[in-house]
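Chemist: Got a predicted model here, sequence first, then my questions.
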Amino acid sequence: MDLANTRRYAPASHGFAWLRIVCALLVIFDHTAPISGQRPIMLPASWHLLPSHFGLMAFFAMSGYQVTSSWVHDPSALRFVVKRVTRIWPPLLATLLLTAVVIGPLFTTLSLGDYFNDQSTWGYVVNGASVLNLQHTLPGVFVDNPYPDSVNGSLWTLPMELFAYAIVLLLGVTTLLRRFPFAAVLVLVALVAVDTRLMTTGGGSFLSVPVGATVTFLVPFVCGVVLYLYRDRLPLSPAFAFALVLVQVAVHFTPVSAFWLSFAVSYGAITLVHHWPRWLVVDEKWVRNSYGTYLWGFPVTQMLAQLGLRAAWPLAGAAMVLSYGLGLLSRRYVELPTMRLRDVLLTDRRTVDTVVISRSVIESADRQGGAGPVEDRFEVRPEPLVVRGPGGGDQHGPPR
């Protein structure tokens with residue numbers, strides 16, 4: 001971006017954080033309808049809009065973009081796996097354990113002895129931690145709710161995310177991301193072809209993972225991968241993103257609608273985060289809690305429903321507020337300590353060269369949409385130096 005745009009738009013990392021928390025809240029909003037038992041979907045059926053579907057596609061597109069950036073900046077299979085494991089599992093394990101040992105006993109219809117002696121109580125934690133073989137119920141918990149079949153329905157997308165990571169890892173270790181980035185385009189074409197086939201056959205499931213839905217969401221993920229690899233050749237234009245939306249409206253009831261929607265949402269999401277208004281910049285601690293918010297949204301909504309809040313819109317509002325708050329706690333007490341531990345584990349002080357860089361350089365790297373802080377790639381010392389842009393103006397902006 002040129003200097004005028006850096007003053008108009010926030011750093012891309014801030015846009016990613018904002019859009020992720022918005023998408024997490026959209027998912028909670030949509031889940032409210034079936035949990036309340038008052039209506040099948042939140043918005044009128046004639047609108048043909050399911051905000052959570054858009055939110056999940058945007059999630060996967062952003063993940064593809066950022067995880068690819070993470071590999072490109074640090075092409076190590078071991079460090080890649082450690083980063084993904086320490087990102088996904090600690091908040092997940094905290095959610096599973098608290099749900100099983102705190103929420104479960106409070107809301108189960110069983111006695112405490114029967115509840116804790118039931119193998120499925122601990123199976124919920126063990127199977128959930130495996131990710132690929134999720135258990136969706138706890139004994140006697142939420143069984144009288146309008147939606148009794150799941151304690152935390154949001155977890156179903158986590159196995160899909162693991163398959164998505166595996167795509168980047170495979171392309172990375174085979175050096176295709178670096179030497180033949182067009183391989184990602186071929187993967188995208190193959191996924192679209194498979195998705196077309198599974199629309200008629202269903203695809204079944206692998207363990208607890210629905211194959212058809214997995215392929216559907218891998219399409220926007222690989223769209224994000226492609227957008228990152230070709231970021232210098234594919235400009236991110238808000239006008240073009242809007243044109244894609246208009247085309248989607250025109251083809252909505254045609255066979256190409258599903259695939260066009262994936263492309264439109266993916267391109268639109270990545271474009272939006274790179275054009276996030278600077279006036280919306282806030283302290284990043286308020287928008288870095290999307291994962292925890294997402295994990296807690298479903299059980300919080302179920303708890304509120306069991307406590308008697310069944311009107312869909314009030315339930316949605318209360319669930320989003322409470323889940324957002326729990327997301328903040330998860331970020332502070334689970335995610336940040338885990339990331340600090342990860343940094344210690346991944347830092348080899350014998351081989352790291354200290355590089356002193358100014359904040360303008362941090363912002364420049366950050367605007368490439370990196371998955372992790374620029375500080376993951378450099379050891380940053382505070383520097384009063386300000387680098388002048390081509391037009392003589394100062395380049396400012398907070399690092400991620």
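Modeler: Structure received. Numbers count the residues shown, from 1 in each chain.

Chemist: Can you report phi and psi for residue 339?
Modeler: Backbone torsions for residue 339, taken as degrees, to the nearest 10, come to phi -70, psi -40.

Chemist: separation between it and residue 87?
Modeler: 8 Å (CB to CB, to the nearest Å). Glycine gets a C-beta too; all of them are placed from N, C-alpha and C.

Chemist: Quick check on those two: which one has the bigger neighbour count.
Modeler: Ranked by neighbour count (other CB atoms under 10 Å), residue 339 and residue 87 place residue 87 first, with 21 against 18.

Chemist: Please identify the buried residues of the helix or strand where that one lies?
Modeler: Remark: residue 87 resides in helix 77-98, with elements defined by DSSP states H and E. By neighbour count on 16 or more other CB atoms under 10 Å, the buried set for helix 77-98 is 79-80, 83-84, 86-88, 90-92, 94-96.

Chemist: Dump these to TSV, plus distance to residue 164 and pLDDT.
Modeler: As requested, the buried residues of helix 77-98 are exported to TSV (distance: CB to CB, whole Å; pLDDT from 0 to 100):
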residue	distance to residue 164	pLDDT
79	18	94
80	13	95
83	14	93
84	10	94
86	17	93
87	13	93
88	11	95
90	19	96
91	18	97
92	16	97
94	22	97
95	20	98
96	21	98
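
Chemist: Let me know the closest of these to residue 232.
Modeler: Nearest to residue 232 among the buried residues of helix 77-98, counting by CB to CB, is residue 80 at 22.9 Å.

Chemist: Now do stretch 328-347, average pLDDT.
Modeler: The average of the pLDDT scores along stretch 328-347 is 90.

Chemist: mind checking the longest helix of the chain?
Modeler: helix 12-36 (DSSP state H).

Chemist: Which neighbouring elements make contact with it?
Modeler: helix 51-73, helix 257-274, helix 290-306, helix 312-330 (3 or more CB pairs under 8 Å, 6 or more residues apart in numbering; DSSP states H and E).

Chemist: Give me the average confidence score over the longest one.
Modeler: With pLDDT averaged residue by residue, helix 51-73 scores 95.

Chemist: Quick check: buried residues in it?
Modeler: 51-72.

Chemist: thinking again about what came up before, for the helices and strands packed on helix 12-36, give me TSV that also has distance to residue 178.
Modeler: Putting the helices and strands packed on helix 12-36 into TSV (distance: least, CB to CB, whole Å) gives the following:
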stretch	distance to residue 178
helix 51-73	8
helix 257-274	21
helix 290-306	29
helix 312-330	35
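
Chemist: now for the ones you listed, which one comes closest to residue 223?
Modeler: Of the helices and strands packed on helix 12-36, nearest to residue 223 by CB to CB is helix 257-274, at 3.6 Å.

Chemist: Give me the contacts around the closest one.
Modeler: 1, 9, 12, 15-16, 18-19, 54, 57-58, 61-62, 64-65, 192, 195-196, 199, 216, 219-220, 223-224, 227, 236-238, 240-241, 244-245, 247-248, 251, 367, 369 (CB atoms under 8 Å, 6 or more residues apart in numbering).
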